[in-house]
Structures are given as structure tokens and as C-alpha cells.
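J.: what follows is a predicted structure for the sequence shown.
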Amino acid sequence: MSISYLPGKEPHPKETRRIYKNIFREGWDTSINCYLADGGYSELRKALSMEPKAVTDEVKKSGLRGRGGAGFPTGVKWTFIPPNNTKPVYLICNCDESEPGTYKDRYIVHQDPHQLIEGMIISCFAVGAHLGYIYMREEFPIAAEIMEKALQEARANNFLGKNILGSGFDLDIHVHRGAGAYICGEETSLINSLEGVRPYPRIKPPFFPAAIGLYGCPTIVNNVESLCQVKHVIQMGGEEFSKVGAQRSPGTRIIGVSGDVKRPGLYEIASGSITFGELLFDLCGGPKEGHEFKAVIPGGSSSKVMRTDVKYSVKNPDGTNGSISFFDIPLDLDSIAQHGSMAGSGAVIVMDDTRSMPWALNNLNHFYAHESCGQCTPCREGCPWMLKLTTRMLEGKASPKDVDLLLQVANQIEGKTVCAFGEAAAWPTQAMVLKFKDEFLALTDSFNDKLPHSTEAKEQRRYFTR
Amino acid sequence: MSEETSKLPKDIAAAEGKVNVQINGTWYQFPRGMRIIDACKSVGVHVPTFCYHPKLAIAGSCRMCLVEQGMPPRLAPGQAPSYDAQGYQHIQWMPRPIIACANTVCENMGIKTNSPLAEEVRAGVLEFLLANHPLDCPICDQAGECKLQEFSNDYGKLKGRYTESKTKKGKNLSVGPNINLDQERCVLCGRCIRFMRDIAKDPVLSFSQRGTHNAVTIYPGRELDHPYSMNVVDLCPVGALTSKDFRFKMRVWFLKETKSIDVNCGTGTNITIWSREEQVYRLTPRQNDEVNSCWMPDEHRLNYRFINSPQRIPQPVIRTDINAPHRASTWEPSFSALAEAIKRVPADQIAIIASGRMTNEELYMTRLLAEQIGTKHVDIVSRVKESDGMLISADRNPNTTGAQVILGLENPGSQLEMIRDGVQRGKIKAILCLGEDLTSPEAGFKAQDFENLNYLFVMDHTASDTARAADLVLPGVSFAEKFGTMINVTGRIQRLNKAIEPIGYAKDDWTILQSITKALGSNSPAMNAVSSMDILSLIGQEYAALENINWGRVGDCGLQVLETGVTIPLIEQEKNPQG
């Protein structure tokens, strides 16, 4: 059966469409009949005929790594549920896709809800959960409606509810909508939000969700894409799944490119099968006319920015040290991590030579200062501080010392916070300042060194003259 | 081989359920599961904290207690662990600090609180906390007992680098009848929120807003009016929550701290009296896990103003003619006048109404006085109301148990009815009223009852209707002006300490009783006592229940001497959180 796509939405030949098989497909809609006609829910039947332990083993064997950003092996996460657990187990689908630059899950929940539901049912079956939640960000109102309808259809077809397809397995899934906070993407604060309390991330230890999660019970929190991948793991078998893509991060990855390229958009590729050069020049059509690439943020706004004009050192197969250009780095988790950034959620933000890095950082700092939950001190006080410093740089009121201070403040946040937000907020600053220091210094004036910047001080220095 | 490995420190510790932990280079043994912060504290290593409080749930949000931590390196498959000469494994230090409040100790763990990393992290957290903290110290009540001040001094950077404008929040907000809130000074530790949620069970406080605008907020339309609300003032490490009662009254570094107990009910809450120049400025709870944990009811905390009130009786007053007003007297003539008066009335027509608010020593002297007079009509006024289910005991007398033991009263307050009846029918002609107002509802006397009396003697610290009707009033002292012991409802003997000198010419109650008894011709050994400690030792010789008791043995936290079977609800709840 050949699949045709809507005009202008055809996949690039270098893509491997798996999760995104049905996105912008000709004649595709979100109804269950459409999904069933395409052979949907057959993996569910297959999984239900297996032992839950065998499903987990398949996922472990597949080497599937979480697609939310941290890249933790999904199957291993599932085995963290205490073996002698007597409490109910919950599975939560993290659809709080709020990392700036990331928009891959959005298309799944809008266009292919049943794929997610099927993946969730299989995952719930594997971990023994009888209640699942889809935590959907506030900004997805239509997706919530689509998901609700899809869940209704699934219930009507006995894919959800009591004794699913005669297997004796009971499960229900509910959609829970957030209230619009970036921090709710952090799994423990997502759980707090779901419980109805203030979404502060919990301290780990002791609150590892797999042991003490939702309502104090073991809880597995997985990303939308990860749960969809589970369906394909069952379809292909773990062994087969692990053969496609990079050895240590197999399967396909959805890369969401935004910024200064000719064709930004979502591209599903086999992990590691292409390089940044192929992605940016072949798939995305290269830089805009008359411009050059300057920097790339490879995995959502929290990952460290990478310069496109420097050499990255690698170990050659023969053991000698070599170097490659940015465009030769393959797109997989480990390669990007090796070169000092992270693949994160696969959101590639491209900036060309028209972009000012201090401006870009200021923009990001605005986001982090606004979204910091305020629970722990370094992040609560540090993020606004970084914002105020970069704002002052853009206004031309900063001194060269402030650039160093900015970096020190970022270092003071990293690794001292309750959750990973601290790192997420500190990394962009660290990378930007270290890699584009000249741009920051160019905005400063050493005369400003002598001027304090508080409102009171500004008031006092009205009488100063140069 | 097995013999050799069994001698390793880890096995020795494991046999006792303990683990070996290295703190700042020295190895210690701690029980398994102990928090790092408690372990450090137990060996005298100070870890600064804001959000951690031993009686509250762990929040882990202030990040002040970050310490450097290390564990033995993870072994490669098949690799055997190696031990140094003392039998400990090499510690691999982690690059990331951990919080000492939420993490527990484990075998062969290393903790550094004084390493460059730990010091840098602490200084960093303090710099962040100070970034938006207002420079209110000169006008802030907390100055001098502010954790932020102390830690900045001990661990902070010399110079701030924050030159931006500060976040503006609410200042001087009245959140309850006794409490003011300053959101700018708040370090957002959340102790007050956790206290109100978990201990007071009245979750009216919460955080609102997000990020740097986070602020402690009261539920709209509610007030922080829980009977225990003022404990949040003690809990607040900074000057965000301040007591309206104490606001702007006195700098804390001028105040003298005296350990004492609360005398408003039978619980005997341990307190600290804060005084300066014979004036009491505030009372705060003192930790005693067997009596009051760390808390105190507001009602009792605020009941100290009578100590320095103008209603205090400053000197002996006497009335020589029935219709004449009281006139000032001096001590010696008063004692002889009283002795004369007592001798004129037959012993069985004299009643002594003592008080459950007296110390054991005073009660002992009361007993000697009654024996010297030869009367059997001795009782106290009982005050039984309802317990609040937390710390306020049903018995509002602080020393009913002491009265039972010392005066030998089986059922305190049961004779009072008979005495009252005796007065009305003319069978009782003289009353020695010690520390009570007989016209109070608990005692139940009417003003006209006193007309039947030939003689009414009152010993009290404050003027009352009974004192107004008395023939002789001798001024005693309040709880803040005396040494003594009381036995609480659970049977725990506890000490009161003298915080201030007696007001005016007032005298310690036990010395007044001693002088009266002496004037009546007693030669008991107690007549030679020079302090209430001497009396306590005499009590220790006389009573089996209080055998060998003395001032030193009682100690600051008291001594369980009796098993009354009465419990303090809040302490029971703390000991069995589930039950």
C-alpha cells in the first residue's frame, strides 16, 4: 500500500517516516476507523497476547531512549518500579511540550491520536498500570478535544475499559490539562500539578516517580514520542528496532527545525543516519538567500549552542585525533553530547549571521526568568539576575565585567537546584557567553564599570557627566 | 579470609545497624537512615539551613545545606573493593553537591562541609538570597537573631555583586491578629506554610506567584488566626513574619534569656523568658520533645503583661480598722500582726486556700504553715476546662499534680465547697488566701461572704477583689521572678528560673510563708532554708514520689517523676504520626 501525502508535505527521501507516517497523509483523519483501516491496534493485540514482562523486555532490548530530552532508556525506567510493589501503578504521558523550539508531539496529538493511545495501552500493560493520564499543556486546547474524542472511540471499541479485547486487562486513560507552566514538563512537578497542588518539582531522593510518584504510588512518566515508539518496538520486535539508527540510540528521531533555513519543519530521520550538514542543506534547503549559518541550538532552547564555524575534535577509527566541521556531526544523542551539547528533544534552532547572540540569549533568559517556579533559591534569584544583566548589555549600559559576572551567575545556578531547570537555564548562558564572548563584549563600555545600576543609583548619577 | 573481612569497620558498624561516614576527614558511625544534617549536627559540624526544621516535613528548597559528598567508586565487573589501612574504601568525590537535609547517610560515605566546593556553593546561595533581600536590617525586628544575617556573616561573600533593581513585593501586611508579614524579607523557605499545614492543620498560608515574584500569601478572606499561629514567627528564619506584640519593642541582643516554664496550664510548656532591666518583653517556646515539642499556644505566649502591670502590689498593705482604707506597711510588723491574728482564731476555724499555681516549694511551706496552725481545712482552687487537643491541658493550673503530692490532696478543689459553706454558716472565721482571687468564678466566693470573716489574709502579686477585702495583703511574685519547680499533668517535674527581680518590695512567696510559720513558732528544718533549692532538697527527703530530688537533677528539660497516665495530645501525635 503506497502512502501519499498532501501536496507540499511530502517527506524528503532521506527521511524514515515511522511515527510520522500518517502526518499530513492524503485522506487521513483522526477517527478510529481511519486508524483501524490502516492496521491500527494490531500491535495492541500482539502485546496483549504476550506477558507484560516480555513487553518490557522487548522495549529494553530495543534500546529505545526517551524522546523528551534527557534520553533515558525507556525500558530501564519501567523496571525501576519496586518489585514487591503492592500499590497501584500509574502511567503518565507527558504532553506538556513546552521547550522552546519543540513542536514534534503537537502533530502526533493533533493528527494521529490513536497511535499515542495504542502506545500508551501497550506501555500500561507492560508496567501494570490500570490508570493512565495524558498531561496536556494548556496551549493545546484543540488537541485535548481530539484526544478526548479518540479516547471515547477507543473505549467504544474496547481498546480501553474493562477486560480489553478479552485479555482480562483493565485500563482507562484520562486527559488532564495543565495551566500553562513550563516547569510542568518536569516529571515530578507534572505529578504535583496532576495532584492539584502547586507544581513545584519534588526532591530526588526520595521522590523518584518510579517509586514514589502520583499519590505516593509508583508512576512512570514518558514522553508522547517515546510512547508512540513503543508501538513500533512491538511491531518490529526489539531486536529489529535496535538495528535501525545509531547503535546507542536506535530508532527514528523527529527533528524539528526552526529559524533561519529555507524549509523549516519536522523531519523524521533514522537516528544518526544523517549529519547536520545534510539536515540543514539537503532537508531544510540551506540558509536563507545571501546569508550564512552562524550558530545552531541542537536540542531545544536549554541545550548548549554550537558554533557552525569551528572545528570539533573527534577520535579517528585508527586512534588518532582528527577534527570535523559542525556540518559533519551526525544527528544522534551521543555524537551531539560528545561535542558539548545535547540532542534533547530534537528541536534544532538555526541562527544565521543576521542574529545577535546577546539578543538571542536575552530572549531565552526572558523565558527562563518568567518560567522559573521559584521553589529553590539559585534558579529563582539567578534567572532574573541573568535576564537583567543581558538586558543591560542590550541597552548598552553594561561593563565588560558584567560579561564575566553573567557567566559566574550561570555557573552558580548549575547543579545546585532541585530539578534540571537550573541546568536548562544556565546552559544557554554558559554556552553563549563562552562561544560568542566577543559579541557580548562589543555591547559593553568600560566606562559603565564605574556606574552602579540600581534605580536609586541611576537617580543619583543624573548629575554625572562624562 | 572471612575472619579478616569480618573485622572491617563496615561489618562492625553493620552489626549494630550503623554505617561509617567520613565528615570533614574524620570517620564516625551513625544509625542507618539518619539524615546527613542530623549526623553532622550530632558531631558538632554545623550545616546552615533555612527550610529544614527537625519537626517539619523536608522541603529541600533553600539549597543552603548543600555539602560535598563522595562514595566509593563503582566497581567494574569482577573487581574486588580495596580498603585502606583502617579498612575504609577510597572515597570518590562527586562534582555536584547534595542537600544534607533530604539525603541520608550510607556506608563509606564522605561529607565535606568545609571544602572549597561546599564553601563556594554556600556563598553562591547566600548571594542569590541577598540579591532581592531589602536592606531593612536597621529597622527589622529579626536583626540579631536572623539566620540570613548570621549565615551571610559566616559564609557569605564580602561584597555583593548584584547592582540591578530589586523585586518589589508587599511590605508590612497584616495577616492576622498577632502577625505581620513582609514578603520582601522572605527567603521562601516555606516553614510557616508547612507548620500551618502539618502541625496546626489549618493550611491558610501558601505561596503565590511564580519565580522571583513568589510570595507567601494568606488565603483570600482568611486570617492567620489559629491559636498556635505565632509559632510561625519563631519558625521564620528572617524578619518576614513578625509578632505584632513584640514589633519595635526591643532589640533582641539587649534581652536576657531565662529558661522557664509556662504556668498557664498543666502542660508546663518549656519557655524562654526574654527580659531586660526587670521588664519582660516576650516569651518564646523552648524545645522539649516530651512536653511541647517546639511550640506554644498564642494565648499563653501573650500572657506576660501582668508581670509588669500597674496592678502589681508593690509592698505589704494592712487595714487596721474595718472601714478604713488599706495603708502601706513593712514586712516585719506585717508578719507579727498576722501571727497575732492567727493565734486569736481557733485552729479549726482557719482555712487555707492555696493555689495550683504555686511551686512545689511554696506548697511545701503551705503545708508546714497548716501543720503549725493545726488546721485541716487546706485546699487549692481547681481550674478544669477543656483541652484544645494540642498543648493546652484541660487542667489550667500548672501544678495540680504538685499540690496532690505535696499537700496530699486526693481530689484538689473538693474541700472548697465545704470551706465556702463554713464561711457562710460562720464556722470558718479566718481565711489565708495564697495566690488566688476568691471572687473568681473557679473559687466561687461572693464579696459578702468576706463580711462573715474575722480575718482575711491574702498573699498575691496582683490586686484583686479579694485583696481589696483583705485585712492584710502581702505581695508575692509572679512566675518570672522566682525559682521553683512544678509537676506537670504527665508527672514531669520542671524548673522555673528567675528572670527579673521582684517588683517593688515584693518577696518570694516561699520566704513569706517561711516568715509567717516562723512567727508562729515553728522550728522545722525548712525554717533555716535560704533558697527554694534547699526546700526542694527537703522535699526530696520527705516524699517517696520525689525521692532524692534536687535542683540539679531536675535539669533544664525536667525529670519524669510520676506516671499519671495523662498524655499531651500534640506529643502523642508527633511520636505516632499515623495513630
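T.: Yes, it's here.
J.: give me the nearest residue to the residue in the stretch 151-300 of chain A positioned nearest to chain B, chain neighbours excluded.
T.: Relative to chain B, the nearest point of the stretch 151-300 of chain A is A:I203 (3.8 Å; CB to the nearest CB). Every residue, glycine included, has its C-beta placed from N, CA and C. Excluding its sequence neighbours, the residue lying closest to A:I203 (CB to CB, 6 or more residues apart in numbering or on different chains) is B:G60, at 3.8 Å.
J.: surely the one you found and B:A102 touch.
T.: Yes. The pair B:G60 and B:A102 passes the contact test of CB atoms under 8 Å, sitting 4.4 Å apart.
J.: for the lengthiest helix in chain B, list every residue counted as buried.
T.: Taking DSSP state H as the criterion, chain B has its longest helix at helix B:116-131. Neighbour counts over helix B:116-131 (16 or more other CB atoms under 10 Å in any protein chain shown) mark B:117-118, B:120-131 as buried.
J.: equivalent analysis for stretch A:194-201, please.
T.: The neighbour-count check on stretch A:194-201 (16+ other CB under 10 Å) flags A:L194, A:R198, A:P199, A:Y200, A:P201 as buried.
J.: are there residues contacting both of B:G60 and B:A102? Which ones?
T.: Taking CB atoms under 8 Å, 6 or more residues apart in numbering or on different chains as the criterion, B:G60 and B:A102 both touch A:I203.
J.: of these two, who's got more company?
T.: B:G60 (25 against 22; other CB atoms under 10 Å in any protein chain shown).
J.: how about the more buried one, what does it touch?
T.: Neighbour list for B:G60: A:I203, A:C376, A:V418, B:C51, B:I99, B:C101, B:A102 [criterion: CB under 8 Å, 6+ apart].
J.: SS state for the closest residue to A:F207 other than its chain neighbours?
T.: In this structure, A:F207 finds its nearest non-sequential neighbour in A:T188, 5.8 Å apart by CB to CB, 6+ apart. Using DSSP: H, G, I helix; E, B strand; the rest coil, the structure places A:T188 in helix.
J.: quick revisit: who are the packing partners of the longest helix of chain B?
T.: On a contact count with 3 or more CB pairs under 8 Å, 6 or more residues apart in numbering or on different chains; DSSP states H and E, helix B:116-131 meets helix A:377-394, helix A:400-413, strand B:66-71, helix B:147-155.
J.: highest average neighbour count across these?
T.: Of all those, helix A:377-394 has the most neighbours on average by mean count of other CB atoms under 10 Å in any protein chain shown, namely a mean of 26.
J.: report the angle between it and strand B:66-71.
T.: 120 degrees (axes from the mean of the first three to the mean of the last three CA atoms, to 10 degrees).
J.: now do helix A:377-394: which elements does it pack against?
T.: Looks like helix A:377-394 contacts helix A:357-371, helix A:400-413, helix A:421-435, helix B:116-131 (3+ CB pairs under 8 Å, 6+ apart).
J.: quick one on the thing from earlier: of the buried residues of stretch A:194-201, closest to A:P287?
T.: Among the buried residues of stretch A:194-201, A:P201 lies closest to A:P287 (CB to CB), at 38.5 Å.
J.: wait, B:K259 sits on B:R286?
T.: Yes. Between B:K259 and B:R286 there is a contact at 6.2 Å, judged by CB under 8 Å.
J.: where does the stretch 301-450 of chain A dip in pLDDT?
T.: Applying pLDDT under 70 to the stretch 301-450 of chain A flags residues A:449-450.
J.: who touches B:D234 in this structure?
T.: Per CB under 8 Å, 6+ apart, neighbours of B:D234: B:T284, B:P285, B:C294.
J.: before we move on, which element is it in?
T.: Element membership for B:D234, per DSSP states H and E: helix B:231-235.
J.: next, count neighbours for the closest residue to A:E292 other than its chain neighbours.
T.: The spatially closest residue to A:E292, leaving aside those adjacent along the chain, is A:D353, at 5.1 Å (CB to CB, 6+ apart). When counting by other CB under 10 Å, one arrives at 15 neighbours for A:D353.
J.: what score does the residue nearest to B:L126 when sequence neighbours are not counted have for pLDDT?
T.: With CB to CB, 6+ apart as the measure, B:G156 is the residue that lies nearest to B:L126, at 4.3 Å, once sequence neighbours are left out. On the pLDDT scale, B:G156 is placed at 93.
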